[in-house]
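Colleague: Here is the input, now give the coordinates:
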Amino acid sequence: MWSSRVPTAATVYRRRAGWRRWTPAISAEEGSPRVVIASADRRDRAEQAAAFVAAGAFVAIDHVGSVDDAYLTDAERVGLVRRLITAGRVDRIVLSSGSVGVAKGFDAPAADYAAVLTTFVPALRDSGVSDDDITRILTDNPRDLLARVEA
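Modeller: Residues are numbered from 1 along each chain as shown. The predicted model follows:
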């Protein structure tokens, strides 16, 4: 039987109002529910990323490879990842390119499906991020975020 006591894989908050609501949702639950703050690489949200991970949320840096004035550049995203790692929260970072195949009525983003692996990971490595931290971000964190937890 499903109930509010059975955790879902993850709850994703995208809008500003959602960002304000997620902290009480975490403190109301026992254990460590999985909350994702999407688009943490938006210019108007990046400075808050450290506070979100400190409170236990995952942050999705999910527009890797995109070029848009509303988002950080990839070089700035590398800096954000490094700051989160330095703060001891490598366990709360997830990455994606935000690339879609077809979205009816919208132009497809210019980001390449492979941007995370072909350009961003090498940039992380060049900036001094360790292979262990890269493995944590690319493999362990998505597994920890999405694995089903039984009540």
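Colleague: What residues does residue 74 make contact with?
Modeller: Applying Cβ atoms under 8 Å, 6 or more residues apart in numbering, we find residue 74 in contact with 64, 65, 119, 120, 123. For the C-beta atoms, the positions are set from N, CA and C on the backbone; glycine is no exception.
Colleague: Next: residue 80.
Modeller: 40, 41, 46, 49, 61, 72.
Colleague: quick check, it in a helix?
Modeller: Yes - according to DSSP: H, G, I helix; E, B strand; the rest coil, residue 80 belongs to a helix.
Colleague: related to what we said a few turns ago, just give me the closest of the contacts of residue 80 to residue 133.
Modeller: Of all the contacts of residue 80, residue 133 sits closest to residue 61, with 13.7 Å by Cβ to Cβ.
Colleague: What separation is there between that closest one and residue 125?
Modeller: 16 Å (Cβ to Cβ, to the nearest Å).
Colleague: that older thread, show me which pair in the contacts of residue 74 is furthest apart.
Modeller: Greatest spacing in the contacts of residue 74, by Cβ to Cβ: 65 and 123 (10.6 Å).
Colleague: Give me the more crowded residue out of those two.
Modeller: Each of residue 65 and residue 123 has its neighbours counted (other Cβ atoms under 10 Å); residue 65 has more, 21 against 15.
Colleague: Next step: the contacts of residue 74 restricted to helices.
Modeller: residue 123 (DSSP state H).
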